[in-house]
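**Q** Fold the following.
(chains A and B)
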Amino acid sequence: MTGLLEIESLTKDFGGIRAVDSLTFRVREGGITGIIGPNGAGKTTVFNLITGVYRPTTGDIRLEGVSAVGKRPDRIVALGIARTFQNIRLFNRQTCIENVMTPLLQRAECPLFSALLRMPRARSVERETREKAMRLLAAMGIEAYADARASTLPYGLQRKLEIARALAAEPKLLLLDEPAAGMNPEETRSLADLIVRVHDEFGVSILLIEHHMDLVMNICSSVVVMNFGALLAQGRPDEIRTDERVIRAYLGKKKRERTAAEGEESHAGACR
Amino acid sequence: MDYILSVVTLAAINMVAVLGLAVFTGFTGLFSFGHAAFVGVGAYASAILTYYYYVPFFAALAAGSVAAALVSLVIGIPTLRAKLRSDYFAIAILGFGEALRVILENLDITNGARGLPGIDQFTTLPIVLACLAFSVWITRNFLRSRYGAACIAIREDPVAAEMAGIDLFRTRLLSLVLSAFLCGLSGGLLAHFLSFIQPVMFTLVQSTQLLAAVIAGGMGSVTGPLIASFLFIVLPEALRVANMWRLVAYGLMLVLIMIYRPQGIMGYQELPDLFRRKVSAK
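**A** Sure thing, here's the model as predicted:
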């Protein structure tokens, strides 16, 4: 199994609390991998470790064999990892197209001197970047909002814009942190379609955290289950669905508990 | 007539410095209570060059700007590398600005606290306007480029900006250097306009006035701070007839702007945007 992303005995302590506990798993190239686990299992912490927001206490994170540990977040982006955030983080006062152009511009070669004097190079870079950004917005179906400020978009579209911005970093691996949080079942279904389309069209591998079980079970080729910071199980969705340990730790013995957990999620979304 | 010309010239000189601070505070989101020191560095560096070494005016002006930019590295590298939060950074640069002033007061070449008299009066209104136009042009280009986009992204959300592939330290430092460069240019123009400079002209009070113009003009705007800084220079002069009340009026103007337009005169937009929006609304 070739691993695009290899997480090896990853541990993160916050003071006396072990948020991630010798976690080891691999993300295969070309798939959609889901991370599930109860609240506080350390899922978002894993994302923050992968993207360099936190530094691991011990352990290693490798993308295509290159260690990402100790690298600055922007260097990790350059390695080929992009992400979205659980509580959407857009450049609110910028327009949608500017949100997408910003990461694209960072990848474009344009020396400071030529930028300050606005030489032909700077102009062509700007024009090409605008076109690229427009295509990304169109791929998300939000090109009509190109010149609207990001903060004026409805919640669901802000999620899409955030995915477009992440794709603008041209990642090999896209991390989505609860993309369906606060969405109703219908919105969740259309988001699932969108994620699959992004995966197919952009040829990007996806690692996503989600509480909506339907979404995870339907679109993920592999599922990682975390509990108390440690790996509980990894496998195909049908294996996970029937795994005794997983059922005990997370899915709940009865359906009643599961719906309660989801109710709590959507409540959290509404509060945002 | 001469009086009006000199007020307009002073306003335009001040606008160059405010433009510099607008890049750093309005677009990169870092507050500074020390930018008057960069104006001072530009003023002294260029004045010393023309006064003692007979360097041509424009070369001295450029050298003053570069000197201010270099001095900004001294405070920028340690504080911005440490990723000080905006308020802590504001305090650090306040201390730095005051320290610079004390240095100017104690050097021989600056003639200490008595100031440097008899600087040649090279600065004319056309030169100032040309420098202002050049500064606005450079600033607009910067803001439209990847570097400006990075600055704005950092102001909006540093964490998301990093995940957009932006190096926080280098981007903030670049923004500081550009803003110090423009402040230095403003200082050079000022020295050769007044023909006399003194360290007390570059204190916390002046830094605060620059910052007030940026905030009252509107964060994230180029035209807003320019309008505000023009008003801040011209109005107190126009109100001279009101005698002792003019400074009260000045203070009142600031308070009223902040109450009725907390986002500033042009908050997060430019003057041309207003017209564009009206046209599209029809």
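**Q** From here on, just use CA atoms for contacts and neighbour counts.
**A** Fine.
**Q** Once you drop chain neighbours, what's closest to residue 196?
**A** Going with chain A. A:Ile219 (6.9 Å; Cα to Cα, 6 or more residues apart in numbering or on different chains).
**Q** You answered for a different chain; I wanted chain B.
**A** With Cα to Cα, 6+ apart as the criterion, B:Phe196 has its nearest non-adjacent residue at 4.5 Å, and that residue is B:Pro117.
**Q** The one you found touches B:Ser195, doesn't it?
**A** Yes - counting by Cα atoms under 8 Å, B:Ser195 is a contact partner of B:Pro117 at 6.3 Å.
**Q** roughly how far out does the one helix or strand A:Glu126 maps to sit from the chain middle?
**A** A:Glu126 is part of helix A:120-139, with elements assigned from DSSP states H and E. Taking Cα atoms, centre = their mean, to the nearest Å, the mean C-alpha location of helix A:120-139 is offset from the chain mean by 24 Å.
**Q** what separates A:Arg189 from chain B, distance-wise?
**A** A:Arg189 is 26 Å from chain B, where distance means Cα to the nearest Cα, to the nearest Å.
**Q** okay, now that residue: neighbour count?
**A** 16 (other Cα atoms under 10 Å in any protein chain shown).
**Q** same thing with A:Ser114?
**A** 16.
**Q** got it, and the one 5 residues further on?
**A** Using other Cα under 10 Å, the number of residues around A:Met119 comes to 13.
**Q** can you tell me which residues contact A:Arg165?
**A** A:Asn99, A:Val100, A:Met101, A:Pro103, B:Ala164 (Cα atoms under 8 Å, 6 or more residues apart in numbering or on different chains).
**Q** you'd agree the first one is up against A:Leu90?
**A** In other words, A:Asn99. Yes - the pair A:Asn99 / A:Leu90 is scored as a contact, 7.2 Å apart, by Cα under 8 Å.
**Q** what touches both of these two?
**A** Common neighbours of A:Asn99 and A:Leu90 (Cα under 8 Å, 6+ apart) are A:Ala150.
**Q** Neighbour count: these two, which is higher?
**A** Per other Cα under 10 Å, whichever of A:Asn99 and A:Leu90 has more neighbours is A:Asn99, with 28 against 25.
**Q** CA atoms of the helix or strand hosting the more buried one as PDB?
**A** Using DSSP H and E, A:Asn99 sits within helix A:96-107. The C-alpha trace of helix A:96-107 is given here as PDB (Å, rounded to 0.1, in the frame of the first residue of the first chain):
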ATOM      1  CA  CYS A  96     -15.200  35.700  -3.200                       C
ATOM      2  CA  ILE A  97     -12.900  35.800  -6.200                       C
ATOM      3  CA  GLU A  98     -10.200  37.600  -4.100                       C
ATOM      4  CA  ASN A  99     -10.400  34.800  -1.500                       C
ATOM      5  CA  VAL A 100      -9.600  32.300  -4.200                       C
ATOM      6  CA  MET A 101      -7.000  34.500  -6.000                       C
ATOM      7  CA  THR A 102      -4.900  34.900  -2.800                       C
ATOM      8  CA  PRO A 103      -3.600  31.400  -2.600                       C
ATOM      9  CA  LEU A 104      -3.300  31.200  -6.400                       C
ATOM     10  CA  LEU A 105      -1.200  34.400  -6.400                       C
ATOM     11  CA  GLN A 106       1.100  33.000  -3.800                       C
ATOM     12  CA  ARG A 107       2.000  30.200  -6.200                       C
END
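**Q** hmm, who's touching the helix or strand following that helix?
**A** Sequence order places helix A:112-116 as the next helix or strand after helix A:96-107, per DSSP H and E. For helix A:112-116, contacts defined as Cα under 8 Å, 6+ apart pick out A:Arg121, A:Ala122, B:Ile138, B:Thr139, B:Asn141, B:Phe142, B:Ser145, B:Tyr147.
**Q** any idea how far the closest residue to A:Val53 other than its chain neighbours lies from B:Ile93?
**A** Nearest residue to A:Val53 in three dimensions, chain neighbours excluded: A:Pro73, at 6.4 Å (Cα to Cα, 6+ apart). According to Cα to Cα, to the nearest Å, A:Pro73 stands 27 Å off from B:Ile93.
**Q** Look at the two and report which has more neighbours.
**A** The residue with more neighbours, out of A:Pro73 and B:Ile93, is A:Pro73; 29 against 21, by other Cα under 10 Å.
**Q** Quick one, grab the pLDDT at that one.
**A** Looking at A:Pro73, its pLDDT is 95.
**Q** in stretch A:116-135, what counts as buried?
**A** Neighbour-count burial for stretch A:116-135 flags A:Leu116, A:Arg118, A:Ala122, A:Arg123, A:Val125, A:Glu126, A:Thr129, A:Arg130, A:Lys132, A:Ala133, A:Met134 (criterion: 16 or more other Cα atoms under 10 Å in any protein chain shown).
**Q** picking up where we left off before, from the contacts of helix A:112-116, list the buried ones, please.
**A** Going by neighbour count (16+ other Cα under 10 Å), the contacts of helix A:112-116 have A:Ala122, B:Ile138, B:Thr139, B:Asn141, B:Phe142, B:Ser145, B:Tyr147 buried.
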